[in-house]
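Novice: A structural model of the following input is requested.
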Amino acid sequence: MIKKAIVPGIAAMLAIACIVVFFVTGYTFNQNQLDTLLILGIVCGGSILYCFIVGEISGNNSQMDKLWSILPAVYAWIIAAKGNLQPRLVIMALLVTLWGIRLTFNFARKGAYRLKFWEGEEDYRWAILRKNKYLSSRIAWMLFDLLFISIYQNVLILLTTFPGLVAMAYETSLNWIDFVAGGFFLLFLFIETVSDEQQWKFQSIKHAMLDEGRNLEDLPAPYNKGFNTVGLWNRARHPNYLGEQGNWFAYYFFSVAAGAFVFNWSLLGSMLLILLFFGSTVFAESISKSKYPLYADYCKKVSCYIPWKAYEKRK
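Specialist: Next comes the predicted model:
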């Protein structure tokens, strides 16, 4: 358990340090940044209200999930436009748009988006959380929806794009740090794309066989385990999460390339994202362990995020 807590522990300390740095150094926004921040805040506030009101009325709490891949591109292009379309800001916005298109497609093929926008497939974890004894009452779930799903996640998504807000204050030319940051962003995007595609293919084939009336234990390997151990998933339990967290960590370094100090407050977004994914990982894996007998053994033998030692040797 100590080893598992190392990464989120570091992320938590860095997140706290970012907040301290922001206030201790007395970071000040120029007028253009303040104007941009106001626009971003209005969009974020509107999204918070939308997610909460529509989520409560429809009973579908995946409204924020639907916007998760869309809002960062909106924020990035607002920053780029307010920053007079500086080359660095445009590159950042283009990268986030690529990320958003891929993630939106991945969520859309799961049935998340409908013409009746309040409908669509809801993330299975919300239904499980509603049964939690601390969240089962109407008022408790409403507060959770407001504070965590609607407010916290919306603010977090906004924070991840703040390296662009910092970068817009520096009108510096592109340099090697930009290309390294962009290269790593594309690398992590590739990892996330490949791992999500492998997961989609595995789950589609598995559910197609189950829909035929077959029992899980009667399915051919590796589908009879119930969980994916194919491709990157044979060497990491959540390679898609590695890609997602890596994207925004790489994105942060565009602020450094622009001229900000190597450790600046805009790192806060990516560090809070790491903490969110750690919590999501723990919760998702507790569900998998309750459903699949071999999943606990899989957790013992395979790295959580970094593709490393193989769970099974393939011929």
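Novice: hey, let's count contacts and neighbours off CA atoms from now on
Specialist: Fine.
Novice: For this protein, which residues score under the pLDDT cut-off?
Specialist: 1-8, 314-315 (pLDDT under 70).
Novice: Show me the domain layout of this structure.
Specialist: Listed by automatic domain parsing, the domain ranges of the chain are 30-168, 173-315.
Novice: Next, the distance between the ends of the first one.
Specialist: Counting by CA to CA, to the nearest Å, you get 10 Å between the two ends of domain 30-168.
Novice: How far does that domain sit from its chain's centre?
Specialist: In terms of CA atoms, centre = their mean, to the nearest Å, the centre of domain 30-168 is found 10 Å from the chain centre.
Novice: Can you lay out the domains of the chain as TSV showing distance to Ala12?
Specialist: Shown next, in TSV, are those (distance: least, CA to CA, whole Å):
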stretch	distance to Ala12
domain 30-168	14
domain 173-315	7
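Novice: among those domains, which is nearest Ala15?
Specialist: The closest of these to Ala15 is domain 173-315. By CA to CA, the value is 5.0 Å.
Novice: list the buried ones in stretch 144-160?
Specialist: Of all the residues in stretch 144-160, those buried under the rule 16 or more other CA atoms under 10 Å are 144-146, 149-151, 153-160.
Novice: Could you do stretch 289-306 as well?
Specialist: Those would be Tyr295, Tyr298, Lys301, Val302, Ser303, Cys304, Tyr305, Ile306, for stretch 289-306 by 16+ other CA under 10 Å.
Novice: Select from the residues you listed every entry located in helices.
Specialist: Tyr295, Tyr298, Lys301 (DSSP state H).
Novice: so what's the last one up against?
Specialist: Shown in contact with Lys301 (CA atoms under 8 Å, 6 or more residues apart in numbering): Lys309, Tyr311.
Novice: Grab the longest helix from this structure for me.
Specialist: Looking across the chain with DSSP H, the single longest helix is helix 176-211.
Novice: If we go by neighbour counts, what in that helix is buried?
Specialist: Residues of helix 176-211 classed as buried by neighbour count (16+ other CA under 10 Å): 178, 181-182, 184-196, 198-200, 202-203, 206, 209.
Novice: What's the first helix or strand after that helix?
Specialist: Moving toward the C-terminus from helix 176-211, the next helix or strand (DSSP states H and E) is helix 239-258.
Novice: what's the angle between that following helix and helix 176-211?
Specialist: Interaxial angle of helix 239-258 relative to helix 176-211 (axes from the mean of the first three to the mean of the last three CA atoms, to 10 degrees): 160 degrees.
Novice: Can you identify the element that follows helix 239-258 toward the C-terminus?
Specialist: Heading C-terminal from helix 239-258, the first helix or strand you meet, by DSSP H and E, is helix 268-291.
Novice: Give me the residues contacting that next one.
Specialist: Applying CA under 8 Å, 6+ apart, the contact partners of helix 268-291 are 8, 11-12, 14-16, 18-19, 125, 156-162, 227, 241, 245, 248-249, 252, 295-296.
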